[in-house]
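Enquirer: need a structure here:
(chains A and B)
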Amino acid sequence: MTEPIIKVQDLSKCYGDKQILKNITFTVHESDTIVLIGPSGTGKSTLLRCINLLTKADGGRIWLGDEEITVPEINEDVVRRNIGMVFQDFLLFNHLTAMGNVKIGLTKVLELDDEEAERIAMDQLKRVGLEENAEQYPGQLSGGQKQRVAIARSLAMNPRVILFDEPTSALDPELIGEVLEVMKMLAQEGMTMLVVTHEIGFAREVADRIIFMEHGVIVEDGPPQDLFYSPKEERTREFLWKISELYGSSDDEAGAGGG
Amino acid sequence: MLIESAKFILMGTGITIGVTAIALPFGFLVGLLFSMIRVYGNPTISRIVALYSTVMRGVPPIVLLFLLYFVIAGSINLSPFLAGSFALGIISSGYQLEIFRGGLQSIGSGQMMAARSIGMTKNRSIWFIILPQALRISIPSWSNEVATVIKDSSLVYAIGVAEILRRAQYVSARTYQPFLAFSVAAVIYYAINLVANRLIKIVEDRTRIPAT
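Expert: Okay, the predicted model is just below:
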């Protein structure tokens, strides 16, 4: 077993009196691709936001490597450099070109000089297949291209793990494939990833583990074949069956639509 | 006679432009700073800034001009021209604050979240991500404020600065031709605004983000 990158222990989060997360415990090891699935409103996105400290958890602890990041004296900005995040609605910086989007973290966070930042940014854009689009603005890119720029922006920071929050849910069906391809490539290259998605084909093919969440708790956590073919919980089987119907199971097919 | 009078009034143009050239940038800097405090600052300071804004916008500019002029002129030794210009700048900052507040708040919270997610500090996120977008969005409403400041610069005539309006009044009193005198003033103000508007339009076009 490789070393843990993210360790979450007894994490809980409430909004008002509604408890979104209840005693969530799991570990992400180096080079793991872990897919988080579960019905909407189950706390998956909240969980990701707690991990990169965009949302403050009410209880429990989180470690990045062997450093606890839920202690009050932690420097959140340094933590976030090491935890990439890809959002459902891309959230590219609208006033910057694709190149500018990837570069700005390098110049304004890591404070690299312009030349080196440009070189690294171009490498990352190549990695996601967008070197030709470097000078285009977000408004000139398709949804799939925007999301690949967002992935490149994350990669440029050389994070230890990338969190994906439903990265294909806002995309037209025909654009989902190109984003999943990039994610698959990253998984194969050994990037550590925690992915919230309804793309069941991706989960089955790429995930090392699937975590099924419902009503703020982890129902089941295990390798895809276990969850798909011999789930311990009836709820897991029902959900996977339902979602496979909805989103299709072929990997080449883009899937049945956004969610 | 007419030419002489027109020339005399026209000589006030430099003063009018000078007042505007001080009041507008001063109001811009103060307004922008206060708008950031208003939107991102701690609640107490934000409330103080809000109060500042309502006072600046809730009292007639001529009344504020007198008040500020006597405060400024009473505490530091400034010419009426400079004191009046800064006073107008302070008044304008109240309006510019609101213009930029609107711009800042129109940028979705996702932009800040995305900036923070790559490890950018809050201040840098505001400066490098939010502000460049907010300023662009603010240009059209800001151009209104430019016109207002150019026109309000005429108010400094009340504290004895010989700008266009004061000179027009002087000519009117001397020649008994108020219509002509004030027409000349009107044409000059209009021309200044026309040029200013053109300049802002150029800035707006040059800074436009493609495909938005």
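
Enquirer: Show me the strands in chain A, by range?
Expert: A:4-15, A:18-29, A:33-37, A:59-64, A:67-68, A:83-86, A:161-165, A:193-196, A:209-214, A:217-222 (DSSP state E).

Enquirer: Minimum distance to residue B:163: which of these has it?
Expert: Closest approach to residue B:163 among the strands of chain A (Cβ to Cβ): strand A:83-86, 55.4 Å. Where you see a C-beta, it was placed from the backbone N, CA and C, and this is true even at glycine.

Enquirer: deepest of the strands of chain A, which one?
Expert: Most buried of these by mean neighbour count (mean count of other Cβ atoms under 10 Å in any protein chain shown) is strand A:83-86; its value is a mean of 27.

Enquirer: what packs against that strand?
Expert: On a contact count with 3 or more Cβ pairs under 8 Å, 6 or more residues apart in numbering or on different chains; DSSP states H and E, strand A:83-86 meets helix A:143-156, strand A:161-165, helix B:109-117.

Enquirer: hmm, 10 Å instead?
Expert: helix A:44-51, helix A:143-156, strand A:161-165, strand A:193-196, helix B:109-117 (3 or more Cβ pairs under 10 Å, 6 or more residues apart in numbering or on different chains; DSSP states H and E).

Enquirer: Between its first and last residues, how far does stretch A:135-149 reach?
Expert: 12 Å (Cα to Cα, to the nearest Å).

Enquirer: Same check on stretch B:202-211?
Expert: Distance across stretch B:202-211, first residue to last, is 18 Å (Cα to Cα).

Enquirer: in it, what's buried?
Expert: Neighbour counts over stretch B:202-211 (16 or more other Cβ atoms under 10 Å in any protein chain shown) mark residue B:209 as buried.

Enquirer: cool, and stretch B:57-76?
Expert: The neighbour-count check on stretch B:57-76 (16+ other Cβ under 10 Å) flags B:61, B:64-65, B:68-69, B:72-73 as buried.

Enquirer: need the longest helix for chain B.
Expert: Using DSSP state H to assign secondary structure, the helix with the most residues in chain B is helix B:178-207.

Enquirer: Leaving out sequence neighbours, find the closest residue to the residue nearest the centre of chain A.
Expert: The centre of chain A sits closest to residue A:164, judged by Cα atoms, centre = their mean, with a distance of 1.4 Å. For residue A:164, ignoring the flanking residues on the chain, the nearest one in space by Cβ to Cβ, 6 or more residues apart in numbering or on different chains is residue A:195 at 4.2 Å.

Enquirer: measure that neighbour to chain B for me?
Expert: Between residue A:195 and chain B the computed distance is 16 Å (Cβ to the nearest Cβ, to the nearest Å).

Enquirer: pLDDT score assigned to the residue nearest to residue A:204 when sequence neighbours are not counted?
Expert: Nearest non-adjacent residue to residue A:204, counting by Cβ to Cβ, 6+ apart: residue A:224, 5.0 Å away. Turning to residue A:224, the model gives it a pLDDT of 93.

Enquirer: how about residue A:224, what does it touch?
Expert: Residue A:224 is in contact with A:35, A:200, A:203-210, A:240, counting by Cβ atoms under 10 Å, 6 or more residues apart in numbering or on different chains.

Enquirer: which bits of chain B sit near chain A?
Expert: B:107-122, B:124-125, B:127-136, B:207, B:209-212 (Cβ under 10 Å from any Cβ of the partner chain).

Enquirer: go again using 7 Å as the cut-off
Expert: Residues of chain B lying close to chain A by Cβ under 7 Å from any Cβ of the partner chain are B:110-111, B:113-114, B:116-121, B:124, B:128-129, B:132-133, B:136, B:209-212.

Enquirer: Restricted to buried residues, select those in ChimeraX.
Expert: A single ChimeraX command selects the buried members of the residues of chain B next to chain A (16+ other Cβ under 10 Å):
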select /B:111,113,114,116,117,118,119,120,124,128,129,132,133,136,209
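
Enquirer: element containing the residue nearest the centre of chain B?
Expert: Nearest to the mean C-alpha position of chain B, counting by Cα atoms, centre = their mean, stands residue B:24 at 3.6 Å. According to DSSP states H and E, residue B:24 maps onto helix B:13-40.

Enquirer: Also compute the angle for that helix relative to helix B:178-207, please.
Expert: Here helix B:13-40 points in a direction 50 degrees away from that of helix B:178-207 (axes from the mean of the first three to the mean of the last three Cα atoms, to 10 degrees).

Enquirer: Counting neighbours, show which residues of helix B:13-40 come out buried.
Expert: Neighbour-count burial for helix B:13-40, counted by 16+ other Cβ under 10 Å, picks out B:13, B:15-20, B:22-24, B:26-28, B:30-32, B:34-39.

Enquirer: just to revisit the earlier point, please name every helix or strand in contact with the longest helix of chain B.
Expert: helix B:2-10, helix B:13-40, helix B:131-152, helix B:164-175 (3 or more Cβ pairs under 7 Å, 6 or more residues apart in numbering or on different chains; DSSP states H and E).

Enquirer: what's in contact with the first one?
Expert: Among residues not part of helix B:2-10, those counted as contacts by Cβ atoms under 7 Å, 6 or more residues apart in numbering or on different chains are B:164, B:167-168, B:171, B:175, B:180-181, B:184-185, B:188.

Enquirer: Can you tell me which of those residues is nearest residue A:180?
Expert: residue B:188 (64.6 Å).

Enquirer: Pull the contacting residues for the closest residue to residue A:221 other than its chain neighbours.
Expert: Closest residue to residue A:221 apart from its sequence neighbours, by Cβ to Cβ, 6+ apart: residue A:211 at 4.7 Å. Going by Cβ under 7 Å, 6+ apart, residue A:211 touches A:26, A:34, A:36, A:218, A:221.

Enquirer: need the residues you listed in JSON lines with pLDDT, can you?
Expert: Output for the contacts of residue A:211, formatted as JSON lines (pLDDT from 0 to 100):
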{"residue": "A:26", "pLDDT": "97"}
{"residue": "A:34", "pLDDT": "97"}
{"residue": "A:36", "pLDDT": "96"}
{"residue": "A:218", "pLDDT": "96"}
{"residue": "A:221", "pLDDT": "96"}
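
Enquirer: So what's the residue count around the closest residue to chain B within the stretch 151-259 of chain A?
Expert: Nearest residue of the stretch 151-259 of chain A to chain B (Cβ to the nearest Cβ) works out as residue A:157 at 5.6 Å. Other residues lying near residue A:157 total 23 when counted by other Cβ atoms under 10 Å in any protein chain shown.
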